[in-house]
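Enquirer: pasting the structure only:
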């Protein structure tokens, strides 16, 4: 359903030429983004591991309870 809506938006915003106004440029960018999303070209290069826990007690904690 969402893909169908995106395809309708893409077809209504499609441009065959170079945009010559800010609104046309914005619509051309949206069209390119929608096309890229629908074609599934995005693939993350690698998954970034979360940083490790730093050594020592947390700030403000002297380790005693």
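Expert: Here it is on my side, so go on. Computed from a predicted structure; not experimentally measured.

Enquirer: list the contacts of the host helix or strand of residue 10.
Expert: Taking DSSP states H and E as the criterion, residue 10 maps to helix 2-13. For helix 2-13, contacts defined as CB atoms under 8 Å, 6 or more residues apart in numbering pick out 27-28, 30-31, 34-35, 37-38. For glycine as for every other residue, the C-beta is placed from the backbone atoms N, C-alpha and C.

Enquirer: name the nearest residue to residue 27, sequence neighbours excluded.
Expert: Counting by CB to CB, 6 or more residues apart in numbering, residue 27 lies nearest to residue 13, which is 4.3 Å off, once chain neighbours are set aside.

Enquirer: got any ranges where the chain has weak pLDDT?
Expert: Scanning the chain with the threshold set as pLDDT under 70 gives 14-18, 41-44, 61-65.

Enquirer: go again with 50.
Expert: Across the chain, nothing is flagged by pLDDT under 50.

Enquirer: hey, where'd the helices end up in it?
Expert: Assigned by DSSP state H, the chain shows helices spanning 2-13, 22-39.

Enquirer: export those helices to TSV and tack on mean neighbour count?
Expert: TSV is the format used below for the helices of the chain (neighbours: other CB atoms under 10 Å):
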stretch	mean neighbour count
helix 2-13	12
helix 22-39	13
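
Enquirer: how about the ones you listed in TSV, adding distance to residue 59?
Expert: TSV is the format used below for the helices of the chain (distance: least, CB to CB, whole Å):
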stretch	distance to residue 59
helix 2-13	44
helix 22-39	41
